[in-house]
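Undergrad: Structural data only, the sequence is not supplied:
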């Protein structure tokens, strides 16, 4: 072997060893954090089930899946967010700055309190408020799939990420649907709560387990009403180093997503008022990255690079991958003058959203409870003709659950059932389990009658394949008995056919019961 080949082999071996060591250490840290939680009252009802995601600046929050120990809990599953204060403090101490992260800790306390205080469907729901010791911060929320940062990096900083997260990518419809929800949440913050978020970036937007996009990262939120008066200079952040320490970097919004009026010394005028326009600038940058797969302002922490790209990149940004109906709006949202930017409502109302039939379908389902029975039936009949255009993740989490709920409505059930059965016919057992609809189906099966009972009996083999084995006796057997006890001869015949087909695969105990 030649000398250069030997050097290359040693270099590759060393790189692999270092990478493996880093992953191993990260996994050990996550495990240690999960084990050292006995003192937290908020966690007495939860059992942790693995490190699944991260969020916040520098991914300082490790997010764990948790199972509620209480039977019948409103949230059988939750997410436990853990911030390792001790690990961060030890890191700063080695650099001679033992209290370097104090500002970051205080900001994260504020973020958690704001997340608890702001009540809106587009803000992460807190189940147990922040609890803190000298070593850790802990907060419990609704179940989280991951942050947008996790999704964009394919969970590379989560060594123990479950298989359903590895290699995940967002469809264009999921991106559009998520951005629409973020813009709606920003509308609420700006016009109802009178707040500017000031920290919109991939680490502060999380995807919930059911596919919804919600805001977190409220450490820099500011009241719009407090700024903008005569002579008031608003709020700015000073980025003094192109290579800041982690505690300095984490204590300010990410420069690559921050509006110029929030960056100290960036604009000639120093009396720029804070408004929702700062969030709209960030929303445009986030939108560009999600659609094209690359940052428009990859500036790190360098204000010199930031100013250079403001004057050059924004005016000449390549929009060839952006839909024509969105390009003018996006360019306007990237204006250096905050007063010239369209607001979040204009973004949500643009043609890019309104002309998309599949998105309108998802929006209808978001508000289906507000529709009358006639509207629901007409919608479901239409949906039966194009539901195949949705990907499996949207079908499982955003389409099937609300339609199953409608099966409780006798006036809608017959229109809903064909859609439910069609979607379930494309599902696999793991997808059925992830959709979380079994508890909703059980009472529907128990009270099914007439044509609904007949349709359910015809699809017994589908339900048997999708449902976990422990549901066969508690859900399917009562449905079969209900069919046999009914006066519906066709339902009785269909149930007998299903039993003949399923009997070879059914456990003896189940058949005897």
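TA: Good, I have the coordinates. From a predicted model like this one, the values you see are computed outputs, not experimental measurements.
Undergrad: Give me the buried stretch members for stretch 108-116, please.
TA: Residues of stretch 108-116 classed as buried: 108, 111, 112, 113, 114, 115, 116 (neighbour count, 16 or more other C-beta atoms under 10 Å). Every residue, glycine included, has its C-beta placed from N, CA and C.
Undergrad: Now the fifth one: closest residue in space that isn't a chain neighbour?
TA: Looking back up the chat, that one is residue 114. Leaving aside its sequence neighbours, residue 114 sits nearest to residue 218 (C-beta to C-beta, 6 or more residues apart in numbering; 3.7 Å).
Undergrad: Surely residue 356 is in contact with residue 175?
TA: No. The pair residue 356 / residue 175 is not scored as a contact, 11.4 Å apart, by C-beta atoms under 8 Å.
Undergrad: what about those two, which has more around it?
TA: For residue 356 and residue 175, the more surrounded residue by other C-beta atoms under 10 Å is residue 356, and the numbers stand at 19 against 15.
Undergrad: now the helices for the stretch 201-350 of the chain?
TA: According to DSSP state H, counting those that start in this stretch, the stretch 201-350 of the chain carries its helices in the segments 246-250, 277-292, 303-312, 327-333, 344-348.
Undergrad: Can you list the buried residues in the last one?
TA: Buried residues in helix 344-348, counted by 16+ other C-beta under 10 Å: 344, 347, 348.
Undergrad: Flag the shaky bits of the stretch 201-350 of the chain, pLDDT-wise.
TA: Residue ranges of the stretch 201-350 of the chain with pLDDT under 70: 225-234, 268-272.
Undergrad: Go again with 50.
TA: 227-233, 270 (pLDDT under 50).
Undergrad: do the same with the chain
TA: In the prediction, the chain carries residues with pLDDT under 50 at positions 1-5, 7-8, 10-12, 14-23, 227-233, 270.
Undergrad: Could you pull up the contacting residues of residue 323?
TA: The contact partners of residue 323, taken as C-beta atoms under 8 Å, 6 or more residues apart in numbering, are residue 352.
Undergrad: One more: residue 405?
TA: By C-beta under 8 Å, 6+ apart, the contact list for residue 405 reads residue 440.
Undergrad: In helices, which of the buried residues of stretch 108-116 fall?
TA: 108, 111, 112, 113, 114, 115, 116 (DSSP state H).
Undergrad: Show me which of the residues you listed is closest to residue 502.
TA: Set against residue 502, the nearest of those by C-beta to C-beta is residue 115 (48.0 Å).
Undergrad: Looks like that closest one contacts residue 126 (just checking).
TA: Yes. Between residue 115 and residue 126 there is a contact under C-beta under 8 Å: 5.6 Å.
Undergrad: what's the overlap in contacts for those two?
TA: Jointly contacting residue 115 and residue 126 under the rule C-beta under 8 Å, 6+ apart are 139, 141.
Undergrad: quick revisit: next, format the buried residues of helix 344-348 as CSV and append distance to residue 62.
TA: Below are the buried residues of helix 344-348 laid out as CSV (distance: C-beta to C-beta, whole Å):
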residue, distance to residue 62
344, 31
347, 32
348, 33
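Undergrad: nearest to residue 366, of the residues you listed?
TA: Nearest member of these to residue 366, counting by C-beta to C-beta, is residue 348, at 12.9 Å.
Undergrad: do you know which of the helices of the stretch 201-350 of the chain lies nearest residue 167?
TA: Among those, the nearest to residue 167 by C-beta to C-beta is helix 277-292 (17.4 Å).
Undergrad: Perfect, that will be all.
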